[in-house]
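Q: Take a look and give me a structure for this.
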Amino acid sequence: MKLHPVDLKIMAPEIFRVFGTQNALLSAGGSDNCNTMTIGWCQLGTLWGKPVCTVYVRPERYTYQLMESCDYFTVSVLPADQKKIMGYCGSKSGRDTDKIKECGLTLRRGAGDAPFFDEAEWVLVCKKAYVQDLDPACVLEKDTALPFYQEGGWHRAYTGIVLEAYAAR
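A: Predicted coordinates for the structure are as follows:
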C-alpha cells in the first residue's frame, strides 16, 4: 500500500466503519523520541468549524508524557489482519521497548513532525486544540463508565484539529 493525501470528507464514512471493528495506533513525539499505543476510543466530528479528532490517554501510559509535551499527534488505522501489531502495541510500554522497531513499522512524518506509519490504511494528523481530564463527578452513566476504571486513572481527552489525512491506494 502507498499512502497519499486525501480529502477528509471522502474518508468520513470509512473512519466510522473502522472504529468498533479495528483499533488504531495513537502516535506522538519528535524525531528523537516517539511512541505509539493501541487505542479503541476515538471521536470524530466538527468543533469551532474545523474537523477534529479526540483521543483518550490515561496518565499512567508512556504516550501520555509525549501527548503532554508535543503539539501534534496522529491516528493510524492498520489493516484488519495486523491484529498482532495492535496487540503488541497495546500490551507493551514504550518506556521498556521500541514498539515501532519491534513491529517493523515504517515511520513517516506529517505536519509538526508528527509520526505515523506507511503500513496504515489511513492516517489523521492532528494539532492539539483542547485538552481536558475526564471527571468522574460528571459521569451520568455510572454503570457504563465505571467498569473501565477499576484499575488506573481517568483518561485525559485530547482534541486535535485534523490538518492532514492520508489513505492507502
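Q: Dig out what the closest residue to Trp122 other than its chain neighbours forms beta bridges with.
A: Distance criterion Cβ to Cβ, 6 or more residues apart in numbering; nearest residue to Trp122, sequence neighbours excluded, is Ala167 at 4.5 Å. Yep, even glycine has a C-beta here, placed from its N, CA and C like the rest. With DSSP bridges as the criterion, Ala167 is bridged to His4, Trp122.
Q: Next secondary structure after the worst-scoring helix or strand of the chain on mean pLDDT?
A: Across the helices and strands of the chain, mean pLDDT, DSSP states H and E gives its lowest value to helix 8-18, namely a mean of 68. Of the helices and strands lying after helix 8-18 in sequence (DSSP states H and E), the nearest is strand 24-30.
Q: now the following helix or strand past that following strand: how far from the chain's centre is it?
A: Tracing the chain past strand 24-30, the next element assigned as helix or strand by DSSP H and E is strand 33-39. Taking Cα atoms, centre = their mean, to the nearest Å, one finds the center of strand 33-39 at 8 Å from the center of the full chain.
Q: Paired strands for the following helix or strand past strand 33-39, with orientation please.
A: Downstream of strand 33-39, the first helix or strand assigned by DSSP H and E is strand 43-47. The strands that strand 43-47 pairs with in its sheet are strand 50-57 (antiparallel) (by DSSP bridges).
Q: got a list of contacts for the strand it pairs with?
A: 8, 26, 37, 39, 41-46, 63-64, 67, 73, 75, 124, 126, 129, 134, 155-162 (Cβ atoms under 8 Å, 6 or more residues apart in numbering).
Q: in the helix or strand just after that strand, what's buried?
A: Downstream of strand 50-57, the first helix or strand assigned by DSSP H and E is helix 62-69. Buried residues in helix 62-69, counted by 16 or more other Cβ atoms under 10 Å: 62-67.
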